[in-house]
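Visitor: build me a model:
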Amino acid sequence: PSIWPIIGDEIPDNDLQEIIIDAYPFTAQTVPIDPTTYVLELHHGPTCAFKDFGARFMARTMSYFNKDEDDVLHILVATSGDTGSAVGSAFQDVPGIDVTILYPKGKISPLQEKQLSTFTGNVRSLAVDGTFDDCQKLVKTAFTDSDLRNNLRLSSANSINISRLIPQSFYYLYSSLVVRNRAPRDSRIDNPAIIFVVPSGNFGNLTSGLIAQKMGAPISGFVAATNANRTIPDWIATGNYKARPSIATYSNAMDVGSPSNYERIINMYNLDEVRSLFASYWLDDAGTLQAIKNCHTRTGYMLDPHGAVAWQAWDDMRRGGMEALLRGEDFDHTKPGLTKNIPSWAQKIIEN
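Guide: Residues are numbered from 1 along each chain as shown. The predicted model follows:
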């Protein structure tokens, strides 16, 4: 498995294999919906969230390293929706670990709130009067509070913890290999340019894809697809990063105005490299609803609002958007759609 070079000899092979088997009684499904489009289904875990992949591996490795400790390890988590449920489920009844989840009151779905409010024992959830960014700020402040850290062993299960992102890179490696092997049959493309269009909020998922690419996954590039919380598209378009309060949208798990993984991205790449590697796109709520309808009408596949943002980004690109960029047409980044940067792989979209 791709995790072994990262783990090294920290966990014996047999123990690591047991952790992997226990963490993943489910798989990521790579589902073709038209000859050149695949949906990477990440909802087959116990909480129906892609973060089950990261949280379950993290919980088991933390439990492994914590087993000989006398003091409880306290996990602090901020959630905009699905992180909290996945983390709560993953750490439920894990000995020696307590979990506190902060979520914005009234700003997550009823199903997510039901999941969060029914954990017991070592997992508790607290509703915060504010936004996800407020919850995230509270968590980050706790980690910089020396008095608190002197009295409690603290860690996080958000994507600020790299152990959440590394296991999420696994499904990028797996699915890119699946598509590379299937494409000659599905679309008669022998050497496909594999582009991941990633619905993005805090940008942890996309950062996991960047890690996978650096580990050798055959990925040509990425599309950062956001809702109206367009902090990253605006940065890519203008070069100015300006965090802002998040606003509520239908794709609520992406409602992040100050994405913490921006700091990771700029430590991996400079802005010119980001513009070469990423296409950037944002969509409002009206466009999201239309995307759900359009995808179902044309393919029979029903998307959730988060996936709909990504699908519309891909559909706009292949139906003339990328060609318009290459012709030099100007794009207004303040309106839904692509930003004007041209990624290095743009020509391959037109050719395929």
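Visitor: neighbours of the spatially closest residue to Lys214 that is not a sequence neighbour, how many?
Guide: In space, and not counting its chain neighbours, Lys214 is closest to Met268: 7.9 Å by Cβ to Cβ, 6 or more residues apart in numbering. Using the backbone N, CA and C atoms, a C-beta is placed for each residue, glycine as well. Met268: 14 surrounding residues under other Cβ atoms under 10 Å.
Visitor: over to Met268: give its phi and psi.
Guide: Backbone torsions of Met268, given as degrees, to the nearest 10, read phi -90, psi -30.
Visitor: got a list of what it touches?
Guide: 207, 210, 214 (Cβ atoms under 8 Å, 6 or more residues apart in numbering).
Visitor: wait, a strand at Pro95?
Guide: No - assigned with DSSP: H, G, I helix; E, B strand; the rest coil, Pro95 falls outside any strand and is coil.
Visitor: I'd guessed it sits against Tyr64; true?
Guide: No - counting by Cβ atoms under 8 Å, Pro95 stays clear of Tyr64, with 11.7 Å between them.
Visitor: nearest to Pro35, of the contacts of Met268?
Guide: Minimum distance to Pro35 across those is 27.1 Å, recorded for Leu210 (Cβ to Cβ).
Visitor: any idea how far the closest one lies from Ser200?
Guide: Relative to Ser200, Leu210 is positioned 12 Å away (Cβ to Cβ, to the nearest Å).
Visitor: so the two - more neighbours on which side?
Guide: Neighbour comparison, Leu210 and Ser200: the larger count goes to Ser200, with 30 against 25 (by other Cβ under 10 Å).
Visitor: the more buried one touches Ala224, doesn't it?
Guide: Yes - with contact defined as Cβ under 8 Å, Ser200 reaches Ala224; the gap is 5.2 Å.
Visitor: name the residues contacting each of those two.
Guide: Shared contacts of Ser200 and Ala224, counting by Cβ under 8 Å, 6+ apart, come down to 206, 232.
Visitor: before we move on, back to that, ok, the residue nearest to Lys214 to Asp70 distance?
Guide: 37 Å.
Visitor: same deal with Thr238?
Guide: Going from Thr238 to Asp70 by Cβ to Cβ gives 51 Å.
Visitor: okay, those two: which has more neighbours?
Guide: Relative neighbour count places Thr238 above the other of Thr238 and Asp70, with 11 against 5, counting by other Cβ under 10 Å.
Visitor: pLDDT value on the more buried one, please?
Guide: For Thr238, the model assigns a pLDDT of 96.
Visitor: one more: the one 3 residues further on?
Guide: pLDDT recorded at Tyr241 is 97.
Visitor: burial of it, as a residue count?
Guide: Tyr241 sits with 16 neighbouring residues when counted by other Cβ under 10 Å.
Visitor: any idea which helix or strand carries the closest residue to it other than its chain neighbours?
Guide: Spatially, and ignoring its direct neighbours in sequence, Tyr241 is nearest to Trp235 (4.4 Å; Cβ to Cβ, 6+ apart). Taking DSSP states H and E as the criterion, Trp235 maps to helix 231-238.
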